[in-house]
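Asks: need a 3D model of the sequence below.
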Amino acid sequence: MTDSRDFPAQIDLHSPGASESKGNALHSRVPFSAVWGRRCLLLFGLDASLIYVGFVTAYFMRFYWDPFLQMFPPPVSVIPPFNRYLEIAFAVTGVWTFLMWRDRAYEDGLHFSRTLIDQIQCMIGAGLYSIGFVMVVSFLFRYFLLSRVVYVIGFVSSVILLSLVRVSFSAIESTLHRKGVVLYRVLMMGTERSVVRLLENFSRRSCCAQVIGRLAWTDESLCTENKTPEMRVLGSGLDVAEVYEKHPFDKLMVAGYGEADECGEFSKSEILMQMVNFCESRNIPIYMVPNFLEVAVNPLDAGSIYGLPLFLLKDSSIRPFHAFVKRLMDILISVVVLLFGLPLWLAIAALIKVTSKGGIFFVQERVGLHGKIFRMYKFRSMVEGADKHLGKMIDVDNLEEPVFNLRNDPRLTAVGRILRRTSLDEIPQFTNVLLGSMSIVGPRPERVELVYRYNAFQKRRLKAKPGITGYQQVMSRGDPSLAKRIKYDLYYLKYQSILLDLVIMIRTVVVVIRGDGLK
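Replies: Take a look at the predicted model:
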């Protein structure tokens, strides 16, 4: 066994001390831990209460609040009975919470952890379905034929209240995570390579989970040098009982199961079955993590065939309806930006023309969706013929990786430097959006000579239309690391949604105002 020194001091909501006798709970918990550990029940109670309150409030706003009475005069002078709206509020609350429960929004455990955006998207979708269901019923039964304004106000107010609850829960969990509060003690199982990849994903989630170390498949792995506490080898898979006695854990996560079949005297299947038997005897959840992590998997993609678990692996999580709405949003926003900002765009064009030699626009071939090459338009921010001078500054063919970023680029003009910092040089790209070669939000459009050097993994970022802005652009603007760029682009591919696009647009405005880096 390797070094078994304790972790550095950390706030742990489990009671201190060694593990308890077999069959007993791992640790007793302080009151706050007991409450927060059942936060999904708390979330359900808050959701049901707030939806009900939202629709009751909508009734009073519709029929007793002067601004709404003036904007939407009631068709009849007699105010509908309050008890009917109470019944409707109860019905909508029941359907709405049922749909979220069916989508497992109130399930607990590591395997039900969701991003904040995914939670809000699930909540909004369930709300739309519930309102639609009740309104369809209202056409069949006149008893439910009530004010449409109440439905709209109730839906909007409920969405706001439920979103605030989820934002608050996320903020609380992030705060607890930063303070080192531990709700789950997780033991990893697998090779160093597979566990490192898993930790990269795991560390981005604020789930108050502490990784206490890992188990190796064989004793030979115990001599591996470990640089971080999370990666220290506590034993082999056959030592799980001894490890549990010295380092109690709540969850066990197994990664890299398919990398090799044999582990010395015992096969991986035999080692895994011993761990399953041990964890079942202690009521400890054990999770199996697929080898390929960079794919989008949602509940609809997970299933089984005659008891054999199956995952549908997809390049991105975009769906036909999402693609339609995204395209519609791209067109509407582009038309608004180009038309309403026309006086400013003409002023920029004139300023470029009178302050430096050359054309107004910079046109360059970039790589788009599925590797298709297109012509990208920007306001010219550099001196004429700037591309001819690039070879003197960077040897593109001999770069360690196909990416580069020039800070304080000497080719920039005085006006161009301002355009770059404010991102106004990218306004003409809205014409690319209208033409369909780009989207407002998506991966960065990259140069052709760089994409030619991409490997198969890096080419996966070409599975979406390039964007004027994107998750990578707002998270690491100007960062020269290709690994980080690819990581953020693939994250967007996995979790893209209209809500995420709106968040990225808002963050883009913040990043531009702060002037974070140059593209």
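Asks: domain-wise, how is this structure divided?
Replies: Listed domain ranges for the chain are 38-174, 183-293, 320-514 (source: automatic domain parsing).
Asks: of all the ones you listed, which one comes closest to residue 310?
Replies: The closest of these to residue 310 is domain 183-293. By Cβ to Cβ, the value is 10.9 Å. Glycine gets a C-beta too; all of them are placed from N, C-alpha and C.
Asks: for residue 493, what is the enclosing helix or strand?
Replies: helix 482-495 (DSSP states H and E).
Asks: after that helix, next one along is what?
Replies: Where DSSP H and E defines the elements, the next helix or strand beyond helix 482-495 is helix 498-514.
Asks: buried residues of that next one, list them for me.
Replies: Neighbour-count burial for helix 498-514 flags 500-501, 503-505, 508, 511-512 (criterion: 16 or more other Cβ atoms under 10 Å).
Asks: can you check stretch 332-347 too?
Replies: Burial within stretch 332-347, assessed by neighbour count using 16+ other Cβ under 10 Å, is assigned to 334, 337-338, 345.
Asks: would you turn those residues into TSV with secondary structure?
Replies: Shown next, in TSV, are the buried residues of stretch 332-347 (DSSP: H, G, I helix; E, B strand; the rest coil):
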residue	secondary structure
334	helix
337	helix
338	helix
345	helix
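Asks: which among those gets closest to residue 370?
Replies: Among the buried residues of stretch 332-347, and counting by Cβ to Cβ, the member closest to residue 370 is residue 334, at 21.7 Å.
Asks: so who does the closest one touch?
Replies: 430-431, 433-434, 440 (Cβ atoms under 8 Å, 6 or more residues apart in numbering).
Asks: and which of these is nearest to residue 213?
Replies: Of all those, the one with the least separation from residue 213 (Cβ to Cβ) is residue 440, at 44.4 Å.
Asks: from what I can see that closest one touches residue 498, true?
Replies: No. The criterion here is Cβ atoms under 8 Å, and residue 440 misses it with residue 498 at 11.3 Å.
Asks: any common contacting residues for those two?
Replies: With contacts taken as Cβ under 8 Å, 6+ apart, the residues that reach both residue 440 and residue 498 are residue 329.
Asks: nearest spatial neighbour of residue 185, chain-adjacent residues omitted?
Replies: In space, and not counting its chain neighbours, residue 185 is closest to residue 249: 4.6 Å by Cβ to Cβ, 6 or more residues apart in numbering.
Asks: got the confidence number for the one you found?
Replies: Note for residue 249: predicted pLDDT of 88.
Asks: could you do residue 182 as well?
Replies: pLDDT recorded at residue 182 is 70.
Asks: if I look at it, how far off is residue 211?
Replies: Per Cβ to Cβ, to the nearest Å, residue 182 is found 10 Å from residue 211.
Asks: out of those two, which sits in the busier spot?
Replies: Using other Cβ atoms under 10 Å as the criterion, residue 182 and residue 211 rank with residue 211 on top: 24 against 20.
Asks: doesn't residue 187 belong to a helix?
Replies: No. Assigned with three-state DSSP, residue 187 falls outside any helix and is strand.
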